[in-house]
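Requesting a structural model of the entry that follows:
(chains A and B)
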Amino acid sequence: MSLSVKNLCITLGNKRILEHVDLVCEAGQFIALCGPNGAGKSCLLKAITQEIPYQSGQIQLNDQNINKLSNKSLALQRAVLPQHVDLAFPFAVKEVIEMALMLTGDVAIKKLIINKVVDWMELQTLLHRDYMSLSGGEQQRVQLARVLAQLQQPESLAMDSRYLLLDECTSAMDMAWMHKAFAILKQQTEKGIGIIAVVHDLNLASLYADQIVLLDQQQVLHCGPPVNVITKAIIEQVFKTQVSIIDHPQNKKPVVIQAAL
Amino acid sequence: MKPLIPPRQLYLCLSLMLLTAAIAALCIGAMTIPVTDIFKLLQALFLPDSAAGSTPEVSQIHRYVVVDIRLPRLVCAVVVGMGLAAAGVATQGLFRNPLADPSLIGVSNGAAVGAVSVIVMGPAITQYIPAAIALPVMAFIGGIIATMAVVAIATKNGQSDTALLLLAGVAINAVAGSGIGLLSYMADDNQLRDLTFWSMGSLAKAQWSELIIAAPIIFFATVALLSYRKVLNALLMGEAVAAHIGHDVKRCKRHIIILSTVIVATSVSISGVIFFVGLVVPHLIRLCVGSDHQKLLPLSMLLGAVIMLSCDLLARSLVSPAELPIGLLMSLVGGPFFIVLLIQQRQNRFKFA
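Numbering: from 1, shown residues only, chains lettered A, B, ... in the order given. Here you go, the predicted structure:
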């Protein structure tokens, strides 16, 4: 059971976006996609979610080519959170979360799922607010609740394995919520959900991810557990900036400290 | 963001208004007919057995006015109002834009070109298409061409740009206008009178022979739109997100476009071009219950019927015994409303910029 990308190459126009990328996310694994701006992280995610076409390679979800799966069956096996979700019209937060539950007709089940994710993301007080009037961080909490809800549908729970694909899902959250959100995601992996998340904050990636995939110049440069990837030599080479690496006092995971310029 | 009016109360309120307006529409006119006669006639019409004894009490002339003049007009107003409002909701959802209305973006006028061409070039077209359905079919062809053009011009990656959308509408309306102009240039006096009717929009010509085909088409297409309520909601987060949630976006979009074009084109073929219904109605409902299409779509259909019926009543009683074309009246109300909407949008843009 895995979500796998094999030998993926993407060109848009005559610009090379990704070259020979391989990536495997097992059920229950937390993978952080890191790398400098323009490395191709978002494009890799968009290729997996079929938003941009790829020229060669193969993407498989539980051993099936994703292009052969219907939107409905894909929606049961994976949920996607893009960088920005704008709503054109005013919607209550509750209605936004409810949109994820298109495959569930039962009102009681819907209510149960919504209550559960609202609890996780602590949205009780925001439930009847207009989504457009929320701050960026609050909107991200709502969107995260929405994708979590999608995978809580009974039909989805019945699947062999489920995945979350997240593109900078905590970029606008305050530091407390960043960690809370990642802790909630980590709990999800314990229930068998595989996660591929584009993360800019290397320290978040280091603390919560099982594997870090470091993309640079359209290729996967390094891949492995945080201790192996977050080293002074690698980070300085990829990001072209001075850093020191120290151990996190709690769990000895590597923490990046950037030199002031 | 609690709804301003609880949806259930709004349903009840609008249904009562529709009923009242319907009875008023049958009673009021050049000849005032007592409500009791209306009920007797309706009873005779729908329950012929039970009312067998009571029909002779109603005079033949009242019977004619109600059954052959006012009732078809009532049916026409209800289906056109309901259809145009629903098509407005669908178009706005599809373009993710509260200003997208089938009449403003040129779909109605495209359909009008098709309809007018049947009137002017009658035989040349009816040799290919049966005469009975030539009008709606040509209106559909005109409408779908206009829709495709707008989609091609104003959307990129499923996002529509307000300015581009409205400008595309201006361009398409201009092209359609010149088409209608050309056709009226070719038309004779009799046809010209018919043409004026298309361009202004009027329910005066509603008759059973046309309605028997058009009304069911509009009604069922509108009801079919209801099954796309959830997709329309999801589409507001963008096509990509709607697909991720599990909707078959391409197919649904195609269906929604075809259904709303069918509604608009058929409406145009029986009542001409009526502006702003699809813009004003959804906006009012959004103010009351929010943007959730599960409530927005059915409530807009109700309000659309109510507004169309009341406007038609106004149109034929304001300058009685003559009457105003309803399209003129709608534009008179809708134009200023549109300006208010534009100003609101402008303020929003400055607020968030």
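
which residues sit in contact with the residue in the stretch 151-300 of chain B that chain A sits nearest to?
The minimum distance from the stretch 151-300 of chain B to chain A, using C-beta to the nearest C-beta, falls at residue B:246 (2.8 Å). Quick note: C-beta positions are derived from backbone N, CA and C, even for glycine. The contact partners of residue B:246, taken as C-beta atoms under 8 Å, 6 or more residues apart in numbering or on different chains, are A:71, A:72, A:74, A:75, A:76, A:102, A:103.

which of these count as buried?
Neighbour counting with 16 or more other C-beta atoms under 10 Å in any protein chain shown marks A:71, A:74, A:75, A:76, A:102 as buried within those.

Help me confirm that the last one comes into contact with residue B:249.
Okay, so that is residue A:102. No. Using C-beta atoms under 8 Å, residue A:102 makes no contact with residue B:249, being 11.8 Å away.

filter the buried ones among the contacts of residue B:246 down to the ones near chain B?
A:71, A:74, A:75, A:76, A:102 (C-beta under 8 Å from any C-beta of the partner chain).

least confident pick among those residues?
Lowest in pLDDT among those is residue A:102, which has 85.

now that residue, what's its secondary structure?
Following DSSP: H, G, I helix; E, B strand; the rest coil, residue A:102 is assigned to coil.

Give me the phi and psi for it.
phi -70, psi -20 (degrees, to the nearest 10).

I'd like to know which elements the helix or strand hosting residue A:245 is packed against.
If you go by DSSP states H and E, residue A:245 is part of strand A:243-247. Here strand A:243-247 touches helix A:232-239, strand A:254-258, going by 3 or more C-beta pairs under 8 Å, 6 or more residues apart in numbering or on different chains; DSSP states H and E.

Would you reformat these as a markdown table and include mean pLDDT and distance to residue B:264?
As requested, the helices and strands packed on strand A:243-247 are exported to a markdown table (pLDDT from 0 to 100; distance: least, C-beta to C-beta, whole Å):
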| stretch | mean pLDDT | distance to residue B:264 |
| --- | --- | --- |
| helix A:232-239 | 93 | 55 |
| strand A:254-258 | 93 | 59 |
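
Quick check: beta-bridge partners of the residue in the stretch 101-250 of chain A that chain B sits nearest to?
Residue nearest to chain B within the stretch 101-250 of chain A: residue A:130 (4.3 Å; C-beta to the nearest C-beta). Applying DSSP bridges to residue A:130 gives these bridge partners: residue A:92.

Quick check, it in contact with residue A:91.
Yes. Contact criterion C-beta under 8 Å: residue A:130 and residue A:91 qualify, at 7.1 Å.

Which one of these two is surrounded by more residues?
residue A:91 (23 against 18; other C-beta atoms under 10 Å in any protein chain shown).

hang on, isn't the more buried one packed against residue B:236?
Yes. Here residue A:91 reaches residue B:236: they are 7.3 Å apart, a contact under C-beta under 8 Å.

which neighbours do these two share?
Contacts common to residue A:91 and residue B:236, judged by C-beta under 8 Å, 6+ apart, are residue B:291.

Need the helices and strands packed on strand A:243-247 in CSV (columns: distance to residue B:314 and mean neighbour count).
Formatted as CSV, the helices and strands packed on strand A:243-247 follow (distance: least, C-beta to C-beta, whole Å; neighbours: other C-beta atoms under 10 Å in any protein chain shown):
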stretch, distance to residue B:314, mean neighbour count
helix A:232-239, 69, 16
strand A:254-258, 70, 16
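
out of those, which comes closest to residue B:282?
helix A:232-239 (49.6 Å; C-beta to C-beta).

So which other helices or strands are in contact with that closest one?
Using 3+ C-beta pairs under 8 Å, 6+ apart, helix A:232-239 sits against strand A:211-216, strand A:219-224, strand A:243-247.

Spell out which parts of the stretch 1-150 of chain A neighbour chain B.
Residues of the stretch 1-150 of chain A lying near chain B (C-beta under 8 Å from any C-beta): A:49-51, A:70-72, A:74-76, A:79-80, A:82, A:85-92, A:95-96, A:99-100, A:102-103, A:128-130, A:133, A:150.

Could you tell me how many residues sit around residue B:274?
29.

just to revisit the earlier point, for the helices and strands packed on helix A:232-239, state which one has the densest average packing.
Counting by mean count of other C-beta atoms under 10 Å in any protein chain shown, strand A:211-216 has the highest mean neighbour count of these, with a mean of 24.

In the stretch 1-150 of chain B, mark out all the strands, start to finish.
Shown for the stretch 1-150 of chain B, no strands are assigned by DSSP state E, counting those that start in this stretch.

residue in it nearest to chain A?
Closest point on the stretch 1-150 of chain B to chain A, by C-beta to the nearest C-beta, is residue B:96, at 3.8 Å.

now the helix or strand containing residue B:311, how far from the centre of its chain.
Secondary-structure assignment from DSSP H and E places residue B:311 in helix B:293-317. Taking the mean of its C-alpha atoms, helix B:293-317 sits 9 Å from the chain's own mean (C-alpha atoms, centre = their mean, to the nearest Å).

what packs against it?
When contacts are defined as 3+ C-beta pairs under 8 Å, 6+ apart, helix B:293-317 packs onto helix B:7-27, helix B:71-95, helix B:229-235, helix B:277-289, helix B:326-352.

so residue A:40 sits right up against residue A:220, yeah?
No. Proximity of residue A:40 to residue A:220 does not meet the contact threshold set by C-beta under 8 Å, at 9.4 Å.
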